[in-house]
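[1] compute the structure for the input listed below.
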Amino acid sequence: MSIESLLIEVVPITVAGVVTVSVGYYLIKNDIDKYFRLRFAPKKEDKTQILALRLQAHERLIVFVERINPANLFLRLYTPGISVKELQALVSNEIRSEYQHNVTQQLYVSERVWNVIRKLKDDTLAMVNHGAQGLPEQATGMDLSKKVLQHMAEIADNPYDLTLDLIKKDIHQLF
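    Model (predicted):
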């Protein structure tokens, strides 16, 4: 058998095979694509669960901002007769404790929101410490509260309200 006769017999069979495979591929291509999309795409339940965690994180950070707001913080922690140093220590411990309790929420919020939260915590601690430094030794916790709240009243844009607005905007980006 010569090469020419072999080619005459093999080429039509090869072409028929290529055509058959091509037609078969195009017939099941959509099924193959659908399989891989379903196999490797996150499940709807997973997306729903992550969304719920992200919303919960935003809620917890809103509570955190409200709890470290000096207007709420001093009202909650002040007791009659408390000294400046005692109230300063109590406030500092409360802010740090609240922050540590919510530190994992950074996994579920934008980097921008978390950076603002961290800065707000640091600024609140600095404001309380600065207020305590300027008071005389015999000053009371009430004097510290008044000084910090007076400073807050002088700030044009309340940083706690601005932070809450930022968190709300971050929530709205989820939808």
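
[2] check contacts around the residue nearest in space to the middle of the chain.
    With distances taken as CA atoms, centre = their mean, the residue of the chain nearest its centroid is residue 109 (1.1 Å). By CB atoms under 8 Å, 6 or more residues apart in numbering, the contact list for residue 109 reads 54, 57-58, 61, 117, 167, 170. For every residue, glycine as well, the C-beta is placed using N, CA and C.

[3] how near is residue 134 to residue 124?
    Between residue 134 and residue 124 the computed distance is 17 Å (CB to CB, to the nearest Å).

[4] look at these two and report which has more neighbours.
    Set side by side, residue 134 and residue 124 show more neighbours around residue 124, with 23 against 10, by other CB atoms under 10 Å.

[5] most surrounded residue in the contacts of residue 109?
    When neighbours are taken as other CB under 10 Å, the top entry among the contacts of residue 109 is residue 61 (26 neighbours).

[6] so that one touches residue 113, yeah?
    Yes - under the criterion of CB atoms under 8 Å, residue 61 makes contact with residue 113 at 7.2 Å.

[7] quick check: neighbours shared by those two?
    With contacts taken as CB under 8 Å, 6+ apart, the residues that reach both residue 61 and residue 113 are residue 167.

[8] farthest pair within the contacts of residue 109?
    54 and 117 (14.6 Å; CB to CB).

[9] so where's the chain shaky on pLDDT?
    1, 7, 38, 41-46 (pLDDT under 70).

[10] show me where this structure has its helices.
    Along the chain, the stretches classed as helices by DSSP state H are 3-40, 44-68, 70-77, 84-102, 111-133, 141-154, 159-172.

[11] may I have the phi/psi pair for the residue nearest to the centre of the chain?
    phi -120, psi 170 (degrees, to the nearest 10).

[12] and residue 97, how many neighbours does it have?
    Using other CB under 10 Å, residue 97 has 11 other residues around it.

[13] now do the one 10 residues further on
    Summarising burial for residue 107: neighbours were counted as other CB under 10 Å, giving 10.

[14] give me every residue that touches it.
    Contacts for residue 107 (CB under 8 Å, 6+ apart) come out as residue 57.

[15] what residues does stretch 55-67 touch?
    72-73, 76, 94, 98-99, 101-102, 105, 107-109, 113, 117, 120, 160, 163-164, 167, 170-171, 174.

[16] give the buried residues for that stretch.
    By neighbour count on 16 or more other CB atoms under 10 Å, the buried set for stretch 55-67 is 57-58, 60-61, 64-65, 67.

[17] I figured residue 129 hits residue 95, correct?
    No - with contacts counted by CB under 8 Å, residue 129 stays clear of residue 95, the gap being 10.7 Å.

[18] before we move on, back to that, measure the residue nearest to the centre of the chain to residue 166 for me?
    10 Å.
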